[in-house]
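Colleague: A predicted structure for the sequence below; I have some questions about it.
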Amino acid sequence: MNNIIGGIPKEVQWIELQFTDLAGYLRSVTVASREIDEKAIKQGLSLLDGSSVEGFTSIDESDLRLKPVLETFAVIPWRDRSGRVVAEIYDRSGRYAKDPRYIAERAVKYLDSLGMKAYFGPEVEFMLLSKVYFDVASPVTGLCYKVESLEYPPSANGSGFQRIKKAYHTPEPFNRVYPVLIEIADTLEKYFGFRIESMHHEVAALGQVEIGFRFGELVETADRVITLKYVARNIAAKYGLWAVFMPKPVAGDNGNGMHTHISLWSNEHNLFYDPDDDYAQLSQTARYFIGGIIEHGRALAAIVAPTVNSYKRLVPGYEAPVYLVWSKANRSAAIRIPSYGVEGEKEKRIEFRSPDPSANPYLAFAAILAAGLDGIKKKIDPGDPVDKNVYTMSEEEKKRLGIKELPRSLDEALDELESDNDFLKPIFTKEVIEGFVEQKRQESREINSYPSPIEVYTYFTI
């Protein structure tokens, strides 16, 4: 096959350069493929007004450049003669400090200096919805929102959705989104270099699905998360559907999580594995790593569950972790040690269950790593594992065990992050920490200023 440069096929005429802002929204600009020459690869393309990207630059220092990462090139199959690459962001002095991918690269560099590698395996959940309605009905009700799925339409009595809480692992014909899921997976494998391991319908009744792909190193895996979201949305649109990744789209049903599996390696040895440990074959290093996540878990929440909506997912009763404890195979714990079928060194890992897919994956994975490494550095004891359903414990028992809860709102999480962020500083730039907090404060103020439909329903006649 004839190439222009760096493996880009000659027949590809248009290249979409993709990056994320601090909040994790995917942004892009498309250029003619002939513009991707040696100079563009070395210096980048002057295509980005940073002042127009929320959380980036002021207007007087807005010129930024996008440098294509050619190894991320992929053909876009739903658009003729088109491809995409992930891009790095540069300013006049070099790598742009607020580029989320740069933070992920700093995390890998920091790990390299410690002689380690980390692998991440996120479970990205999302919903395939047939209809989404937005209605700014009046100043009283504010923004109204409702959804429909292919599988379970609104109930006839108007009470909401027919809850059929047996959706987990349902096959066709009950799983009516299965053909869409298969096409998403096929596209990821054939065109975007994924290795898909499994896919299934999740617990929520409204077309909730999950695609499991092969774990990888931090930057590579974060690239894959934004790619999965990009592909899922485009394939869903072909079927007239919406792929929705918000943490809690519908009240009364399970939300979308991004449970993240992590392992730490050095010299081809899994640092989390200890065959002599009689609890979960878990090493002391892994326990310290868990200790770091628990110690900084309340601050970490602002980055791994970074939206107002995230804290409507993090409530008891929907398999979303609220308590900062660890355990073997206990899904009420924020940190779970997968046990069944993972008895060997190759498979040993921990699963952090607080993250959701609204998180910027570059920042989320880097922050999880920073918290865990701080735990190793300071030898933070995570305490004993809690092998019972924490939701059923009395307040007295939780207090006696010293069990901490995750924040109950984004504002509370941001308060924690402002008072506890030193653990991030080996990896995160000051500009990113401050810019992230400022942007999320503004987001929270704006969203919380709107009355929700349930508030109107509850308080209209008070």
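Modeller: Perfect, thanks for sending it.

Colleague: and this structure, what are its domains?
Modeller: The chain is divided into the following domains under automatic domain parsing: 14-96, 117-459.

Colleague: Tabulate those (a markdown table), appending distance to Gly7.
Modeller: Placement of C-beta: from N, CA and C, glycine included. Shown next, in a markdown table, are these (distance: least, C-beta to C-beta, whole Å):
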| stretch | distance to Gly7 |
| --- | --- |
| domain 14-96 | 6 |
| domain 117-459 | 12 |
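
Colleague: okay, those domains in TSV with mean pLDDT, mean neighbour count and distance to Lys109 next?
Modeller: Shown next, in TSV, are the domains of the chain (pLDDT from 0 to 100; neighbours: other C-beta atoms under 10 Å; distance: least, C-beta to C-beta, whole Å):
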stretch	mean pLDDT	mean neighbour count	distance to Lys109
domain 14-96	87	17	11
domain 117-459	88	19	9
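
Colleague: so Pro357, which of the three states?
Modeller: When classified by DSSP: H, G, I helix; E, B strand; the rest coil, Pro357 comes out as coil.

Colleague: In this structure it contacts Val124, no?
Modeller: Yes: taking contacts as C-beta atoms under 8 Å, Pro357 lies within contact range of Val124: 5.3 Å.

Colleague: Can you say which of the domains of the chain is nearest to Ile103?
Modeller: domain 117-459 (5.0 Å; C-beta to C-beta).

Colleague: who wins for proximity to Ala107 among the domains of the chain?
Modeller: domain 117-459 (4.0 Å).

Colleague: host element of Phe73?
Modeller: Using DSSP states H and E, Phe73 maps to strand 63-75.

Colleague: next one: that strand to chain centre, how far?
Modeller: Centroid displacement of strand 63-75 relative to its chain, using C-alpha atoms, centre = their mean, to the nearest Å, is 21 Å.

Colleague: Please renumber the chain so that the first residue is 29 from this point on.
Modeller: From this message on, residue numbering opens at 29, which makes the last subject strand 91-103.

Colleague: and the angle for the helix or strand containing Lys137 with strand 91-103?
Modeller: Secondary structure from DSSP H and E places Lys137 in helix 128-141. Angle, helix 128-141 to strand 91-103, by axes from the mean of the first three to the mean of the last three C-alpha atoms, to 10 degrees: 80 degrees.

Colleague: right, and the helix or strand after helix 128-141?
Modeller: That would be, after helix 128-141 and using DSSP H and E, strand 145-157.

Colleague: Show me where the stretch 179-328 of the chain has its strands.
Modeller: Assigned by DSSP state E, counting those that start in this stretch, the strands in the stretch 179-328 of the chain fall at 224-229, 236-241, 244-245, 270-272, 286-294, 297-298.

Colleague: Of all the ones you listed, which one comes closest to Leu94?
Modeller: strand 244-245 (22.6 Å).

Colleague: what does the closest one rub up against?
Modeller: 136, 145-149, 252 (C-beta atoms under 8 Å, 6 or more residues apart in numbering).

Colleague: ok, 10 Å please
Modeller: The contact list for strand 244-245, computed with C-beta atoms under 10 Å, 6 or more residues apart in numbering, reads 132, 135-136, 139, 145-149, 222-223, 250-252, 293, 393.

Colleague: Tell me the strands beside that strand, with direction?
Modeller: Applying DSSP bridges, strand 244-245 is found paired with strand 145-157 (antiparallel).

Colleague: tell me the angle of the strand it pairs with relative to strand 286-294?
Modeller: Using the same axes, to 10 degrees: strand 145-157 against strand 286-294 is 170 degrees.
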